[in-house]
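> just the structure for this:
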Amino acid sequence: MKHLKIFSLLLIVLGIFACTDLQEDPVGELAPDGFFKKTGDVEAAIFGAYGRMASEGYWGRKQSLTIMLLSDMVDIGDPGTPSRRKQINSFTSDAFSGMVSSFWPRSYDIISAANNAIYGAEVIEADEDVKNALKAEAMFARSFIYFNLVRLFGDIPYIGESISDPEAVADLLKTSAADVYGYIIADLEFGKQHLPMTQNARARASAGAAATMLADVYLTLGDYSKAYENAKWVIDHATDLEYELEADYQNLFDGSKQDNLKEPIYVIDFLGQQAGGSSEGDDLFGPLTGIRGSDMQGWGVAVPSMAVYESWDDRDYRKSVAFDAETTKGGVTIPYTEFNNEKRPHIAKYTRFPGTADLNNRYTDFNYAIYRYADVLLMAAEAGNEVSGPNAELIGYVNQVRARARNAAGVMNDFPADVQAGLSKDEFRDLILEERRLELSFELKRWWDIKRRQLGDEVFKGASSLEPHENFNAARDYLLALPQIDLDRNPNLLPQNPGY
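This next block holds a predicted model:
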């Protein structure tokens, strides 16, 4: 695989616009002055930010794989995979991480495109509501990137405006995590107010997407009242937002059906066998997680541990959707126990029905759901429980998710059963977190749940650990190391995160 050249923050703040399937004509590297004349110019910058998310350097491999490997749901499969991945998985990465050195500059690249779009929305001639909607969409993109960065690194450089002179950030200071969260919340509140209730694609931010991310941000901060308030707003406006649970759980991971589903709230959308000049459209998440190789017999990089597979009740339809426990070659079915490489069930969510893709499930047109309606229901239940304890409303949200899980491709089952009244607050909290682990399995939610609930010692060292890592250090490992290349160029970004 080609490795991206390492760029410093100093070199990429100008922003590079790219293409998505929202607009397939790429826009080159541009400075804001003189470019923004009409709404289409601003949309080009916004789509450039979206396009950079749907790239190998971000959600197509580097960022997504990092988040997945940090969790307790997958371990390294293919032993020949590069050490940078093993280090993330085993909590032994350092300031020279090859994963971080790719998605860190790409993150600020996306932020720069969003900042340019915000500038453009402010200077074009258009109705104020049109300008605000465009500005809000760019703010959403910016917020999403910063939300990931602040959770991964803590205090980080925050750039909140379009930059045309790289020297302006040569001595940039770090911004406290608390202030970064404040900026994220302000952006999302603006989006909730000014974004449309619906968009022509779920890859574009809507008011519902802004409110959903707000609920997630507040949940992360432990402000459960506001988390519940925003999740409840989405639920109460689900009809106007055109959200509902998809009847068949499998359809959520069928690339040929995703564009017409109502459950996704915000997605990162790949093109399908198309790629831009900076790895846009290059989706490697399927090859990294699923059964692959010329023999299709267990060469995945991020593979669930046997404990994850064996502890999941076979009666749960979601298990059959989440895993491939066998493959077929020459008309012969081969169980995972006979795979040539890693003899474990592999993740099926991104490879069973990838839509348009190459033979190795690369360059898909898959829609990766960052948020979907089931997530909102579970966030509302979790936040509401912290505010008032379990009640019929909150239990009902979990039971909606479980009721859908009982529909096994049109055949109704009796598992998982509805949650009954009588649970304590602690019991209901544990139940919701477990429901999230299963319902959102391998969808890059688990590490965030572990981090915000400070579960690391329990899930990596506890007696029932699904993926033991005795070296996990809660004083260090909830944050990654800041990239050394940027600390060397700009000492104002010191100190390094604790323990590195």
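> return the alpha-carbon coordinates of stretch 82-89 using PDB.
Provided in PDB are the C-alpha atoms of stretch 82-89 (Å, rounded to 0.1, in the frame of the first residue of the first chain):
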ATOM      1  CA  PRO A  82       2.300  -3.300  10.000                       C
ATOM      2  CA  SER A  83       3.500  -2.600  13.500                       C
ATOM      3  CA  ARG A  84       1.800   0.800  13.700                       C
ATOM      4  CA  ARG A  85      -1.600  -1.000  13.800                       C
ATOM      5  CA  LYS A  86      -0.400  -3.500  16.400                       C
ATOM      6  CA  GLN A  87       0.900  -0.600  18.600                       C
ATOM      7  CA  ILE A  88      -2.500   1.100  18.600                       C
ATOM      8  CA  ASN A  89      -4.200  -2.200  19.400                       C
END
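> okay, buried residues for that stretch please.
Going by neighbour count (16 or more other Cβ atoms under 10 Å), the buried part of stretch 82-89 is 84-89. Any C-beta I mention is one placed from the backbone N, CA and C, and that applies to glycine too.
> next one: it to chain centre, how far?
Here stretch 82-89 is found 19 Å from its chain centre; the criterion is Cα atoms, centre = their mean, to the nearest Å.
> low-confidence ranges in the stretch 1-150 of the chain?
Along the stretch 1-150 of the chain, segments meeting pLDDT under 70 span 1-33.
> which stretches of it form strands?
Secondary structure of the stretch 1-150 of the chain (DSSP state E, counting those that start in this stretch): strands located at 75-76.
> turn the buried residues of stretch 82-89 into a markdown table, columns for distance to D313.
Formatted as a markdown table, the buried residues of stretch 82-89 follow (distance: Cβ to Cβ, whole Å):
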| residue | distance to D313 |
| --- | --- |
| R84 | 35 |
| R85 | 30 |
| K86 | 31 |
| Q87 | 33 |
| I88 | 30 |
| N89 | 26 |
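> residue ranges with poor pLDDT in the stretch 201-350 of the chain?
293-294.
> helices of that one, start to end?
Counting by DSSP state H, counting those that start in this stretch, the stretch 201-350 of the chain has helices at residues 207-221, 224-236, 238-241, 285-289, 306-311, 317-322.
> mind putting those helices into JSON lines with distance to S164 and mean neighbour count?
Converted to JSON lines, the helices of the stretch 201-350 of the chain look like this (distance: least, Cβ to Cβ, whole Å; neighbours: other Cβ atoms under 10 Å):
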{"stretch": "helix 207-221", "distance to S164": "28", "mean neighbour count": "24"}
{"stretch": "helix 224-236", "distance to S164": "35", "mean neighbour count": "20"}
{"stretch": "helix 238-241", "distance to S164": "37", "mean neighbour count": "15"}
{"stretch": "helix 285-289", "distance to S164": "34", "mean neighbour count": "27"}
{"stretch": "helix 306-311", "distance to S164": "49", "mean neighbour count": "16"}
{"stretch": "helix 317-322", "distance to S164": "47", "mean neighbour count": "21"}
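> of those helices, which is nearest I347?
Proximity to I347, assessed across these by Cβ to Cβ, is greatest for helix 285-289 (4.2 Å).
> counting contacts, what elements does the closest one pack onto?
Packing partners of helix 285-289 (3 or more Cβ pairs under 8 Å, 6 or more residues apart in numbering; DSSP states H and E): helix 62-70, strand 302-303.
> most centrally placed residue in the protein?
Nearest to the centroid of the C-alpha atoms of the chain, with distances taken as Cα atoms, centre = their mean, sits I370, at 4.8 Å.
> show the contacting residues for I145.
By Cβ atoms under 8 Å, 6 or more residues apart in numbering, the contact list for I145 reads 53, 107, 110-111, 114.
> most tightly packed of the helices and strands packed on helix 285-289?
Ranked by mean neighbour count, the helices and strands packed on helix 285-289 are led by strand 302-303 with a mean of 26 (mean count of other Cβ atoms under 10 Å).
> note down every partner strand of it and its orientation.
Using DSSP bridges, strand 302-303 pairs in its sheet with strand 75-76 (antiparallel).
> off-centre distance for the strand it pairs with?
19 Å.
> mind checking the SS state of V459?
What DSSP: H, G, I helix; E, B strand; the rest coil gives for V459 is helix.
> check it and give its pLDDT.
With respect to pLDDT, V459 has a value of 98.
> distance of T175 relative to N492?
Remark: distance between T175 and N492 (Cβ to Cβ, to the nearest Å) = 11 Å.
> could I get the helices and strands packed on helix 285-289 as CSV with distance to A231?
Shown next, in CSV, are the helices and strands packed on helix 285-289 (distance: least, Cβ to Cβ, whole Å):
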stretch, distance to A231
helix 62-70, 21
strand 302-303, 29
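> returning to that earlier point: for the helices of the stretch 201-350 of the chain, which one sits closest to R436?
The closest of the helices of the stretch 201-350 of the chain to R436 is helix 207-221. By Cβ to Cβ, the value is 10.8 Å.
> just how off-centre is that closest one within its chain?
On Cα atoms, centre = their mean, the centre of helix 207-221 falls 13 Å from that of its chain.
> hey, C-alpha coordinates of it in PDB?
Extracted in PDB, the C-alpha atoms of helix 207-221 (Å, rounded to 0.1, in the frame of the first residue of the first chain):
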ATOM      1  CA  ALA A 207     -30.800  19.800  11.900                       C
ATOM      2  CA  GLY A 208     -31.300  16.200  13.100                       C
ATOM      3  CA  ALA A 209     -27.600  15.400  12.600                       C
ATOM      4  CA  ALA A 210     -26.600  18.500  14.500                       C
ATOM      5  CA  ALA A 211     -28.900  17.700  17.400                       C
ATOM      6  CA  THR A 212     -27.700  14.100  17.400                       C
ATOM      7  CA  MET A 213     -24.100  15.100  17.600                       C
ATOM      8  CA  LEU A 214     -25.000  17.500  20.400                       C
ATOM      9  CA  ALA A 215     -26.500  14.700  22.300                       C
ATOM     10  CA  ASP A 216     -23.300  12.700  21.800                       C
ATOM     11  CA  VAL A 217     -21.100  15.600  22.900                       C
ATOM     12  CA  TYR A 218     -23.100  16.200  26.000                       C
ATOM     13  CA  LEU A 219     -23.100  12.500  26.800                       C
ATOM     14  CA  THR A 220     -19.300  12.600  26.500                       C
ATOM     15  CA  LEU A 221     -19.100  15.500  28.900                       C
END
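> list the helices and strands that helix packs on?
helix 128-153, helix 177-194, helix 224-236, strand 264-269, strand 367-372, helix 373-388, helix 446-452.
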